[in-house]
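Engineer: The amino acid sequence is not available; the structure is as follows:
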């Protein structure tokens, strides 16, 4: 019984750490895009959104 709970804990821990990693990557991507947009000069919210979503 204890082994099953421990395995369940490890699975949840892995999922939690995966979600945190994903959020960190997205935050870093958004920060890099913001720096890029700032370096290009004044930018509209629409253009910044297109930069984030890679749409034209």
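Structural biologist: Right, received. Where do you want to start? As the structure is a prediction and not an experimental result, all values here were calculated from the model.

Engineer: and residue 12, how far is that from residue 41?
Structural biologist: Distance, residue 12 to residue 41, by C-beta to C-beta, to the nearest Å: 46 Å. In this view, the C-beta of every residue, glycine as well, is placed from N, C-alpha and C.

Engineer: Those two - which one has more neighbours?
Structural biologist: residue 12 (10 against 6; other C-beta atoms under 10 Å).

Engineer: Okay, and the more buried one sits in which element?
Structural biologist: Assigned by DSSP states H and E, residue 12 falls within helix 2-39.

Engineer: Who are the contact partners of the residue most central in space within the chain?
Structural biologist: In the chain, the residue lying closest to the centroid (C-alpha atoms, centre = their mean) is residue 26, at 2.0 Å. Contact analysis of residue 26 by C-beta atoms under 8 Å, 6 or more residues apart in numbering lists nothing.

Engineer: So for residue 42, what pLDDT did the model give?
Structural biologist: According to the prediction, residue 42 has pLDDT 75.

Engineer: Helix, strand, or coil at it?
Structural biologist: At residue 42 the chain is in coil, as set by DSSP: H, G, I helix; E, B strand; the rest coil.

Engineer: any idea how far it is from residue 48?
Structural biologist: Separation of residue 42 from residue 48 (C-beta to C-beta): 11 Å.

Engineer: Looking at the two, which one has more neighbours?
Structural biologist: Neighbours were counted for residue 42 and for residue 48 using other C-beta under 10 Å; residue 48 has more, 16 against 7.

Engineer: Secondary structure element holding that one?
Structural biologist: Here residue 48 is assigned to helix 45-53, by DSSP H and E.

Engineer: Tell me the buried residues in that helix?
Structural biologist: Residues of helix 45-53 classed as buried by neighbour count (16 or more other C-beta atoms under 10 Å): 48, 51.

Engineer: Which residues does it contact?
Structural biologist: Helix 45-53 has contacts (C-beta under 8 Å, 6+ apart) with 29-30, 33-34, 36-37, 56.

Engineer: repeat that with 10 Å
Structural biologist: Outside helix 45-53, the residues that touch it by C-beta atoms under 10 Å, 6 or more residues apart in numbering are 26, 29-30, 32-34, 36-38, 40, 43-44, 55-56.
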